[in-house]
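# predicted model and sequence follow; I will ask about them next.
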2 protein chains.
Amino acid sequence: MAKRVTIDDVARLAGVHKATVSRALNTHTQDQVNAETAERVRRAADELGYVPNFVARGLRMSHSMTVGVIIPDVANPIFPPIVRGIEQYLQPRGYTALLANTDGDQSVEEAAFQSLLRRRVDGFILATGRLDEQPVIARAYEDGVPIVMANREAGSAPYPVVTADNERGIEAALRHLDGFGHRRITHLAGPVDFSTTRRRAEAFTTGVASMPRMTGSIVQADALTTDAGARAMDELLAGSGPRPTAIIAANDLVALGAMRSLRSHGIRCPEDISVIGYNDMPFAADFAPALTTVRVPLREIGIEAARLLLDGIEAGHQESSTLSLPVSLIVRDSTGPARS
Amino acid sequence: MAKRVTIDDVARLAGVHKATVSRALNTHTQDQVNAETAERVRRAADELGYVPNFVARGLRMSHSMTVGVIIPDVANPIFPPIVRGIEQYLQPRGYTALLANTDGDQSVEEAAFQSLLRRRVDGFILATGRLDEQPVIARAYEDGVPIVMANREAGSAPYPVVTADNERGIEAALRHLDGFGHRRITHLAGPVDFSTTRRRAEAFTTGVASMPRMTGSIVQADALTTDAGARAMDELLAGSGPRPTAIIAANDLVALGAMRSLRSHGIRCPEDISVIGYNDMPFAADFAPALTTVRVPLREIGIEAARLLLDGIEAGHQESSTLSLPVSLIVRDSTGPARS
DNA sequence: GGGCTGGCTGCAATCGATTGTATTGTTGCA
DNA sequence: TGCAACAATACAATCGATTGCAGCCAGCCC
């Protein structure tokens, strides 16, 4: 590789000291150098194709202008919007995201965290779903590394959190079904070790209890996937009790699986059974039927998480806070009146 | 923030010079230091919770162990598998990916490239779809920055390329339809400035020409989205000529849009019109009907691109090469016999 | 004309590692 | 005892920037 051009090369060509080059090229120190000297430096810089070295800069200034983003899996459709939101906030502010996937594995998460720590990221956005605490992470936080949680709760940990309002979402779904005359509703719940799906299940229970004439039941899906959704629905349909007339799924993938199961049993949606998802993931509108679902502002979660993080980085410290973004019910074609 | 512990702190605690600490902690220099000294250093290191500073290391060694990955949009479902593939190869080798999205915008791409260049990434994987050349990128390549293209062709540029076999994919789709007795087939083609979709359109034309009794037509979708697919299909159905009995879409999203359009016109798939997609994106099997599509090994494209890149980084130079991965037709429920 | 002020620029330390070379200490052999 | 050889460690330069401080010079005022 041809040796890259450094600040010294520019200094030599412009006939000044490298300190002057540094000052001339940084906007907040530009006024310390004579205008025409600055101009000369600038010309020299782009004659040589000078590209400032951020790692040297980062070493000196002890910040890297990068943030670590740890998620379970980019291939899970709810994460790309979050990641885009993060990027959208970071990029104009000069920050770049280092992305790591964990597949929900604790040890992978820990390794990824360590690896990013070595790279001296200025902070972390953690969107992993599990509840358990990580000693490595706790220690880093105590050492002053800013951390924000996105779309998950922090458990007992003191990190700031950005999440969406799970209670309201489930309530809206229930009200919608109630309006259609549904009385027997089943929640296809997600694993209890995800904070979000556990919250939704709790909200379902209390929500149903608060509605007269409504009875609810819960079937557990063992993962947040279409297959798990289909299995849960199969199980529900195989059961002996009276069938529900509507389903609220833990998330859109589970709903998608449930609809597949219904189709395979010759049960129509929404004529026979209505289905509501959760998240409004990309392409939820393209399901057949188009999915009625609780819209979670995923991109905004990313944006707010990034904002909170950068605020913490700038301030030099964080304070525990919880930001719960509003959700809304998007009514499409997978829900309809209950069959009388 | 509490001051982070440095190699000097460890040296002090272990009672040795920092050079010794460095050698003790790096596997390939460990044998230069006495075994029990090394042990003492190691104990001191984790007593203090020492986290080596990769940016300092990177500065000295002039490599950052990071690679820049530039894609149009993570929210486009074909990219997550590619990104995961890249990560899968990078991570065990100590590299980390810096991810940037461009939304297909030239100037954003250029800015992202510049930004990553400043961060001294050791190489780039470019999965942006456009054909045009970027002077900034060409210059970097000439300066010895390794670059690999993924899922796009390089045009006249000399970069190594990893792509999938577009010709074979279209041929397989055509043969499949031929076997079902389809004679009138329409290709819902993507924009011509994407190398992949252009290749597919060309392959469609030559493929149809080579098959007796088969006639083909092309309708252009103006983007690779469901909406564009639906619009193209609407347009096709509004036309006066005889309707095709089968559709080959430029990609799965276009196919999904086409199926939506069919549904809205009361046309059944596959009974009235068969539809074939391209890519086998995540959840293609969950469409209704489940989509018959050409499976592109997206994850493998990512893996191979990363491999090629790291090879180039290690060798210190790259040679132009093209790796075309095999594709296969995945037959599901969206295709069936032609109506006689 | 001397001294002060202030604008510009240069000098040198610094960030936290790696690594070639020098130094130290020990051992073995003559 | 003296010296070579060698293992283990210390020293110091280096990577490419930023920045506090010092120095220089011009202009101004008295």
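Alright, I've got the coordinates.

# from here on, contacts and neighbour counts on C-alpha atoms
Fine.

# so which strand or helix has the closest residue to DNA strand D within the stretch 201-340 of chain A?
Proximity of the stretch 201-340 of chain A to DNA strand D (Cα to the nearest atom of the strand) peaks at A:Glu314, 14.1 Å away. Taking DSSP states H and E as the definition, one finds A:Glu314 inside helix A:298-315.

# put the alpha carbons of that helix into CSV.
What follows is helix A:298-315, C-alpha atoms only, in CSV (Å, rounded to 0.1, in the frame of the first residue of the first chain):
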residue,chain,number,x,y,z
LEU,A,298,-39.1,1.4,15.8
ARG,A,299,-37.1,4.1,14.0
GLU,A,300,-37.9,6.6,16.7
ILE,A,301,-36.8,4.2,19.3
GLY,A,302,-33.4,4.1,17.5
ILE,A,303,-33.3,7.9,17.2
GLU,A,304,-34.2,8.5,20.8
ALA,A,305,-31.7,5.9,22.0
ALA,A,306,-29.0,7.6,20.0
ARG,A,307,-30.0,11.0,21.3
LEU,A,308,-30.0,9.8,24.9
LEU,A,309,-26.6,8.2,24.4
LEU,A,310,-25.0,11.2,22.8
ASP,A,311,-26.4,13.4,25.5
GLY,A,312,-24.8,11.2,28.0
ILE,A,313,-21.5,11.2,26.2
GLU,A,314,-21.4,14.9,26.0
ALA,A,315,-22.5,15.5,29.5
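
# would that helix count as contacting chain B?
No - applying Cα under 8 Å from any Cα of the partner chain, one finds helix A:298-315 separated from chain B by no less than 9.9 Å.

# what is the very next helix or strand once past that helix packed up against?
The C-terminal neighbour of helix A:298-315 among helices and strands, as given by DSSP H and E, is strand A:322-325. Contact analysis of strand A:322-325 by 3 or more Cα pairs under 8 Å, 6 or more residues apart in numbering or on different chains; DSSP states H and E lists strand A:161-164 as its packing neighbours.

# ok, the strand it packs on: who's next to it in the sheet?
Applying DSSP bridges, strand A:161-164 is found paired with strand A:147-150 (parallel), strand A:322-325 (parallel).

# and those, which is most packed in?
For the strands paired with strand A:161-164, the largest average neighbour count (mean count of other Cα atoms under 10 Å in any protein chain shown) is found in strand A:147-150, namely a mean of 29.

# what does it rub up against?
Strand A:147-150 is contacted from outside by A:123-127, A:141, A:159-163, A:301-302, A:305-306, A:308-309, using Cα atoms under 8 Å, 6 or more residues apart in numbering or on different chains.

# what of stretch A:119-137?
Counting by Cα under 8 Å, 6+ apart, A:63-72, A:102, A:104, A:110, A:113-114, A:145-155, A:157, A:193-196, A:305-306, A:309, A:313, B:53-55 sit against stretch A:119-137.

# so where's the stretch 51-200 of chain A shaky on pLDDT?
A:129-132, A:154-156 (pLDDT under 70).

# strands of that one, start to end?
A:66-71, A:96-101, A:124-126, A:147-150, A:161-164, A:184-189 (DSSP state E, counting those that start in this stretch).

# of those, which stretch is the most buried?
strand A:147-150 (a mean of 29).

# enumerate every residue touching A:Arg183.
Per Cα under 8 Å, 6+ apart, neighbours of A:Arg183: A:Arg213, A:Met214, A:Thr215, A:Pro244, A:Thr245.

# thinking again about what came up before, buried ones among the contacts of stretch A:119-137?
A:63-72, A:102, A:110, A:113-114, A:145-154, A:194-196, A:305-306, A:309, A:313, B:53-55 (16 or more other Cα atoms under 10 Å in any protein chain shown).
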